[in-house]
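1. Sequence plus the predicted model coming up.
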Amino acid sequence: MKKKTLFLAFLMAFTVQVFAQTPDEIFNKYFESTGGKALWNDVKTYSLKQSFYANAPTDYEMDIKASLLDNSVIKTKTILKRDFIYGISSSDAWLKIPMGSRDKNPTYDVKDLSDKEHNNMKRELQDFLSPMLNYQAKNYIASFVGLENDGAKKVNHVQLSGKDVIYDLYFDPATNLLTKEKIKLAATGEEIVKTYSAYATSDYGIKYPSEGTYTSSLDKKTVKLTTKMVYNDQLTGVLFKR
């Protein structure tokens, strides 16, 4: 009886050891499975193009060009063929709002971003690349929540908590890839859920989620999300001026 009890205790301890991973272990497996940490650490610029599609008037596209070295980013949201352009540089932050009719060359009303909007874009500059990358430098706290069920699949759930945002990240233990993330924004109360069903490999060598879905608590609609990433492309400083 004593031997059986000791065996069960050993088995339970072994099971806990297998599944109780640290956030860094899970993150490192993700980075290695998507190209290697060396490639990720050498990213200096990136371009991101996303389409949010539900065959509705609210469909839109988003184009981002970012320079990590200059702490600069341009984000263009195209809605009904009209471009709303958000930008930040090391010393400026602005929004360009299109004016006039769509059938003419647009003119823009340029406004300063609020401090809240500016801070959100500074977060996006880093986190659109990956919220996990160098998360300690962003003052995020990472915790392993546990091995959970997500539908019919088991996933490793890790939470990243920051002052203005909380990420709940879900990883497939078999592939080490991110399959879902939930984002809670403190400034607006918005909650975003992204699911990832396919990955693509960039010319640079990093693998990234290219297809999935996007749901926002603001409109409660789930749309198809497609993504195209380019890493270390040539960006000029002219882009990051109002």
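-> Okay, I see it.
2. for the residue nearest in space to the middle of the chain, what are its contacts?
-> By C-alpha atoms, centre = their mean, the chain has its centre lying nearest to F128, at 4.3 Å. By C-beta atoms under 8 Å, 6 or more residues apart in numbering, F128 lies in contact with Y46, L48, I64, A66. (Glycine included, C-beta is placed from N, CA and C.)
3. Just name the closest of these to E148, please.
-> Using C-beta to C-beta, L48 is the member of the contacts of F128 that lies nearest E148, at 28.7 Å.
4. Nearest residue to the closest one in space, please, no chain neighbours.
-> Nearest residue to L48 in three dimensions, chain neighbours excluded: I64, at 4.3 Å (C-beta to C-beta, 6 or more residues apart in numbering).
5. What of K49?
-> Using C-beta to C-beta, 6+ apart, the closest residue to K49 is K228 (4.5 Å).
6. What lies in contact with the helix or strand harbouring the one you found?
-> Per DSSP states H and E: K228 is located in strand 222-231. Contact partners of strand 222-231, identified using C-beta under 8 Å, 6+ apart, comprise 39, 43, 45-54, 59, 194, 200, 202-204, 206, 208-215.
7. S217 contacts E190, correct?
-> Yes - taking C-beta atoms under 8 Å as the definition, S217 is a contact partner of E190 at 5.6 Å.
8. the bottom helix or strand of the chain by mean pLDDT?
-> Of all helical and strand segments in the chain, the minimum by mean pLDDT, DSSP states H and E falls on helix 2-19, at a mean of 44.
9. Now the element after that one, going C-ward?
-> helix 23-33.
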